[in-house]
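Colleague: Have a look; sequence and predicted model below, questions after that.
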Amino acid sequence: MEETMTQSPAAPATVAGFARALKTEEMVISMGPQHPSTHGVLRLELVVDGEVVVDVIPHIGYLHRCFEKHCEHMTNYQQVIPYADRMDYVAAMSNEFGFVVAAEKLLKITVPERVEYIRVIMAEFSRIVSHLIAIGTYGMDIGAFTPFLYCMRDRERVLDIFEETCGARLLYNYMWVGGLSHDVRPNFAEKVKDFCRYFRPKIKELNDLLSYNKIFIKRTANVGVLPAAVALNYAVSGPVLRGSGVQWDLRKNDPYSVYPKLDFEIPVGKGLKGTVGDCWDRYMVRVHEMEQSVNIIEQAVDKLPSGDIAAAIPKRIRPDAGDIYVRTETPKGELGYYIVADGTASPFRVKVKSPCFVNLSALPAMSRGAMIADIVAILGSIDIVLGEVDR
Amino acid sequence: MTAQNISDMLRARFGDAVTGGKLEGVPDPWITVAPLRLREVCTLLRDDPAAAFDVLMCLSGMDYGGGKLGVVYHIDSTTQRHKIVLKADVTAADPRVASVESVWKTANWHEREAFDLFGIVFEGHPDLRRILMPDDWEGFPLRKDYRVPEFYNGMKVPY
């Protein structure tokens, strides 16, 4: 025994010394493309040192279907809208909204107030739907199965309203350049108010069930912290940016449609359970945004003017040559359309600045130094939809 | 700052790096910048306290047809509340643009996308490889003269 000890020349005398002398090497683990917590087909290449994540390299493109190329081949601007639906397919109304606002600015037409109000109601409904999915699946990622079912139950109610209005539950093709495909049903206001009355207590229920759950907080607070300066440098937007404490919402900061006439607040992350910009903050911004959306919907329904929703739909869409960048606040963040028109009936170029694409690019900045299990929590808190990341 | 102020500031500092632009009569005024001097121009626009462009909203590759390519930068200041568009024009024969990845980290993926779909080469980018298309894809799909290949790894492409 004594002999072997003297034989090893660099025998460390302390615990830290033993740890240093252990042979460690970094390992690469592939997470995805078919991993339930990647919310679609996303592959993450994790470089790990034991349980600690040294780097994350996202590999995207599995759902790339040439949205921008398709747009150039459309014979009409109106034909782009069903494709725009399929980008962020859990909040299709918001995608349409951005595109029609951009096309209308390019055409220099104004649409009737009634159309604008209905669009805002639909966009806010789609924010609620999208956040319900984000929250429900986030709970499931972390191990809480029940909230997902509650969220899906409430989401159905909104989808019923969509279905009654335009016949579709997921991909609507509802907002057209200059107007809408259908006017709302006569009992629309009543239905919407019913929903608002129903939904407010459900948010509190969700908070009791998930938001202030001790295990949930332990898994999300102080995890994946994104400081405000880094967030801006990565140009992340939506709840991810506001979770870092930056009060930036295009509905207020670069207003479009009738948002200036509506009264609402911008919730930001305050670091109540941990650090500003952690996963819990990003999650909680979404919960508060649903409350604000309900407020907006109630105001908009009360103010809903009468009018002809098809009055401003142009017979021929042929914008003058020129380019425009229009950004709107979707549930995921800043969705930008850069449209270049060349004077013909089809767009010369459509570039989509997808909020999920940009938010996902900040994933490595949030994840370095985290544990492997935290990657699931961090990725869920960004709330990506791969249909929009890959376009 | 107005678009005119920003253009004047850049001309005073960089002289011939500013090659033109359109500052009035369009929804988004733009300034044309020499492609290989973009990094220094953008660094100034970010760091100058009066300009303070802290966010790169969008970076778009462009093919104007006839072998003319370009990159369009939409930048925004969350503190000063102004926006400007920068355009850089290159040719398909020499598609080199200075990378602004070191100025705004968000440019990393946007530039990879422009490289992937248009074949624009961003000099100084730390990791310039395809992002949406498969790594072994040939050609740049969003170019106007792009022809869809008949086969990809033995699989028929047109459907």
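Modeller: Cool, got the structure.
Colleague: for the helix or strand harbouring B:Ala88, packing partners?
Modeller: Per DSSP states H and E, B:Ala88 falls inside strand B:83-91. Applying 3 or more CB pairs under 8 Å, 6 or more residues apart in numbering or on different chains; DSSP states H and E, one finds that strand B:83-91 makes contact with strand B:30-33, helix B:38-47, strand B:68-76, strand B:96-98. (Each C-beta comes from the backbone N, C-alpha and C, glycine too.)
Colleague: hmm, 7 Å instead?
Modeller: strand B:30-33, strand B:68-76, strand B:96-98 (3 or more CB pairs under 7 Å, 6 or more residues apart in numbering or on different chains; DSSP states H and E).
Colleague: B:Ser99 touches B:Ala114, doesn't it?
Modeller: No: assessed by CB atoms under 7 Å, B:Ser99 is found out of contact with B:Ala114, at 10.4 Å.
Colleague: neighbour-wise, which of these two wins?
Modeller: B:Ala114 (29 against 20; other CB atoms under 10 Å in any protein chain shown).
Colleague: Now the more buried one: closest residue in space that isn't a chain neighbour?
Modeller: Using CB to CB, 6 or more residues apart in numbering or on different chains and skipping the chain neighbours, the partner closest in space to B:Ala114 is B:Gly61 (3.4 Å).
Colleague: The one you found contacts B:Leu117, doesn't it?
Modeller: Yes: between B:Gly61 and B:Leu117 there is a contact at 6.0 Å, judged by CB under 7 Å.
Colleague: What's the separation between the nearest residue to B:Ala51 once chain neighbours are set aside and B:Ala12?
Modeller: Nearest non-adjacent residue to B:Ala51, counting by CB to CB, 6+ apart: B:Leu45, 4.9 Å away. Per CB to CB, to the nearest Å, B:Leu45 is found 13 Å from B:Ala12.
Colleague: okay, those two: which has more neighbours?
Modeller: More neighbours surround B:Leu45 than the other of B:Leu45 and B:Ala12, with 24 against 9 (other CB under 10 Å).
Colleague: what sits against the residue nearest the centre of chain B?
Modeller: Chain B has B:Val71 as the residue nearest its centroid, 3.1 Å off, counting by CA atoms, centre = their mean. By CB atoms under 7 Å, 6 or more residues apart in numbering or on different chains, the residues touching B:Val71 are B:Leu59, B:Gly61, B:Met62, B:Ala88, B:Val97, B:Ala114, B:Ile120.
Colleague: Could you confirm the second one falls within a helix?
Modeller: I take that to be B:Gly61. No: counting by DSSP: H, G, I helix; E, B strand; the rest coil, B:Gly61 falls outside a helix, being strand.
Colleague: burial measure for it, as a count.
Modeller: For B:Gly61, using other CB under 10 Å, the count is 26.
Colleague: confidence score at it?
Modeller: On the pLDDT scale, B:Gly61 is placed at 92.
Colleague: that older thread, switch the helices and strands packed on strand B:83-91 over to TSV; also include distance to A:Phe195 and mean pLDDT.
Modeller: Below are the helices and strands packed on strand B:83-91 laid out as TSV (distance: least, CB to CB, whole Å; pLDDT from 0 to 100):
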stretch	distance to A:Phe195	mean pLDDT
strand B:30-33	44	90
strand B:68-76	35	92
strand B:96-98	50	92
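Colleague: before we move on, back to that, quickly list what the residue nearest to B:Ala114 is bridged to.
Modeller: Using DSSP bridges, the bridge partners assigned to B:Gly61 are B:Val71.
Colleague: Where does whichever residue of the stretch 151-300 of chain A sits closest to chain B sit: helix, strand or coil?
Modeller: Residue nearest to chain B within the stretch 151-300 of chain A (CB to the nearest CB): A:Ala235, separated by 3.8 Å. Three-state call for A:Ala235 (three-state DSSP): coil.
Colleague: Would you mind measuring from the residue nearest the centre of chain A to A:Arg286?
Modeller: In chain A, the residue lying closest to the centroid (CA atoms, centre = their mean) is A:Lys332, at 2.0 Å. Distance of A:Lys332 to A:Arg286, given as CB to CB: 10 Å.
Colleague: Kindly report the same for A:Tyr337.
Modeller: Taking CB to CB, one finds A:Tyr337 at 24 Å from A:Arg286.
Colleague: can you pull the contacts of A:Val258?
Modeller: Contacts of A:Val258 by CB under 7 Å, 6+ apart are A:Glu113, A:Glu116, A:Tyr117, A:Val120.
Colleague: do the same with A:Arg200
Modeller: Contacts of A:Arg200 by CB under 7 Å, 6+ apart are A:Val294.
Colleague: name the element it belongs to?
Modeller: Per DSSP H and E: helix A:188-206 holds A:Arg200.
Colleague: what about the helix or strand just after that helix, average pLDDT?
Modeller: Once helix A:188-206 ends, the next helix or strand along the chain (criterion: DSSP H and E) is helix A:214-220. Helix A:214-220 shows a mean pLDDT of 90.
Colleague: what comes up buried for helix A:214-220?
Modeller: By 16 or more other CB atoms under 10 Å in any protein chain shown, the buried positions in helix A:214-220 come out as A:Phe216, A:Ile217, A:Arg219, A:Thr220.
Colleague: can I get the residues you listed in JSON lines with distance to chain B?
Modeller: Output for the buried residues of helix A:214-220, formatted as JSON lines (distance: CB to the nearest CB, whole Å):
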{"residue": "A:Phe216", "distance to chain B": "30"}
{"residue": "A:Ile217", "distance to chain B": "30"}
{"residue": "A:Arg219", "distance to chain B": "27"}
{"residue": "A:Thr220", "distance to chain B": "24"}
